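A.B. asks: Sequence and predicted structure below; questions after.
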Amino acid sequence: MRVIDLNKKLISVYYVFNCMQTCSDEAVAWFFMGEGNATFECMQRHEQRGLSAILGYQVRPYISISNTDLTLMRLLRGWFKAKKIKHNVYIPKTKPPRKPCAVLKIGRVVDVKKFLEIILPYLIGRKQTVCQLMLECLNKFGREGWSEIIKTKGIITRTKKGRISSLIINWDVEQEKKRFLEIMRYRDYILSINSGRKAKNNYAYFANLWGMEIG
């Protein structure tokens, strides 16, 4: 069995990042294992319309990579741009002696799936398991944008010139609750792998909230 020293591997990744103007997929994967996080965010929503208004909550994938080496993070961002993966980067305010830390985030389903598909062949250990679970969940229950929703659930009224005059989304509330719960099941498992903790707003919480049977 081949034994990999993760610390040495991460050191070699830093060398690759600092010595190359572009990053390899493997280097990004190993850097993600050391500095990245993958989970599902669950948050309460207060919209007046749409699915979030119906359910009162939203669950979505969340990928982040953070590091205080801003030059390295610029190289990483160049890799994301080259792969055409949409992302956001921000630097939270810090006070000396703490160094500024750049945080790169990916949130759209289509971009998270693309990122996971690229790096998964190079991952090992806990991060590999988490990313496999997340990709499996997104392939089963993720939506890749409003075009898919409109195509499957939209009722569109058009003018004589073909322009959209109104759009109604015909949500199946019970079906959406079941979909939400299935994603929460994956989220609970991923949280247990990442940190060993149990979230307050978990699968059981929402099943009880909506009066649905706990599977």
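C.D. replies: Thanks, I have the structure now.
A.B. asks: Distance from the chain centre to the lengthiest helix in the chain, please.
C.D. replies: Scanning the chain for the longest helix, with DSSP state H as the assignment, gives helix 173-194. Offset of helix 173-194 from its chain centre (Cα atoms, centre = their mean, to the nearest Å): 14 Å.
A.B. asks: Checking Arg143 next. Helix, strand or coil?
C.D. replies: Using DSSP: H, G, I helix; E, B strand; the rest coil, the structure places Arg143 in coil.
A.B. asks: Tyr57 - how many residues pack around it?
C.D. replies: Counted with other Cβ atoms under 10 Å, residues neighbouring Tyr57 total 17. All C-beta spots, glycine's among them, are computed from the backbone N, C-alpha and C.
A.B. asks: Could you check how far the residue nearest to it when sequence neighbours are not counted is from Lys86?
C.D. replies: Once flanking residues are discounted, Tyr57 sits nearest to Gln44: 5.6 Å by Cβ to Cβ, 6 or more residues apart in numbering. Remark: distance between Gln44 and Lys86 (Cβ to Cβ, to the nearest Å) = 25 Å.
A.B. asks: got it, and Lys95?
C.D. replies: 31 Å.
A.B. asks: So for those two, which sits in the more crowded spot?
C.D. replies: Set Lys95 next to Lys86 and count neighbours by other Cβ under 10 Å: Lys86 wins out with 12 against 5.
A.B. asks: Would you confirm that that one contacts Arg108?
C.D. replies: Yes - look at Lys86 against Arg108 with Cβ atoms under 8 Å: they come within range, at 6.0 Å.
A.B. asks: one step back: now do the helix or strand just after the longest helix of the chain: everything it contacts.
C.D. replies: Toward the C-terminus, helix 173-194 is succeeded by helix 203-209 as the next helix or strand (DSSP states H and E). Here helix 203-209 makes contact (Cβ atoms under 8 Å, 6 or more residues apart in numbering) with 57, 177, 180-181, 184-185, 187-188, 212-214.
A.B. asks: how about Glu47, secondary structure?
C.D. replies: Here Glu47 is recorded as coil under three-state DSSP.
A.B. asks: Excluding chain neighbours, give the residue nearest to it in space.
C.D. replies: Distances taken as Cβ to Cβ, 6+ apart place Ala53 nearest to Glu47, at 4.4 Å, with adjacent residues excluded.
A.B. asks: In this structure the one you found contacts Arg45, no?
C.D. replies: Yes - counting by Cβ under 8 Å, Arg45 is a contact partner of Ala53 at 7.2 Å.
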